[in-house]
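Enquirer: can't give you the sequence, but here's the structure:
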């Protein structure tokens, strides 16, 4: 599940999710927004926090573009 799908699942806007992630993970709101929109991938410890915060619904694999997964 992508972060955008997670936001929809939790009835949050993408911006609300980015603000929540930023506060919980300790990154800037713009940094978290880039995760939500697929422009960047969280680093190691940040990824672990995202996994925990999403109850395991968003994993590191969910940040990989489908073209790379299919290769």
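Expert: It's in. Since this is a predicted model, take the numbers as computed values, not measurements.
Enquirer: list the contacts for residue 20?
Expert: residue 12 (Cβ atoms under 8 Å, 6 or more residues apart in numbering). Yep, even glycine has a C-beta here, placed from its N, CA and C like the rest.
Enquirer: could you look up the SS state of it?
Expert: helix (DSSP: H, G, I helix; E, B strand; the rest coil).
Enquirer: that one and residue 65: what is the separation?
Expert: Plainly put, residue 20 is 24 Å away from residue 65 if you go by Cβ to Cβ, to the nearest Å.
Enquirer: likewise for residue 25?
Expert: Taking Cβ to Cβ, one finds residue 25 at 22 Å from residue 65.
Enquirer: compare these two and say which is more crowded by neighbours.
Expert: Using other Cβ atoms under 10 Å as the criterion, residue 25 and residue 65 rank with residue 25 on top: 19 against 9.
Enquirer: I'd assumed residue 47 was in contact with that one.
Expert: No. The pair residue 25 / residue 47 is not scored as a contact, 9.6 Å apart, by Cβ atoms under 8 Å.
Enquirer: just give the closest residue to the spatially most central residue of the chain, not the sequence neighbours.
Expert: Geometric centre of the chain, nearest residue: residue 3, 4.2 Å, by Cα atoms, centre = their mean. Sequence neighbours aside, residue 36 is the residue nearest to residue 3 in space, at 4.6 Å (criterion: Cβ to Cβ, 6 or more residues apart in numbering).
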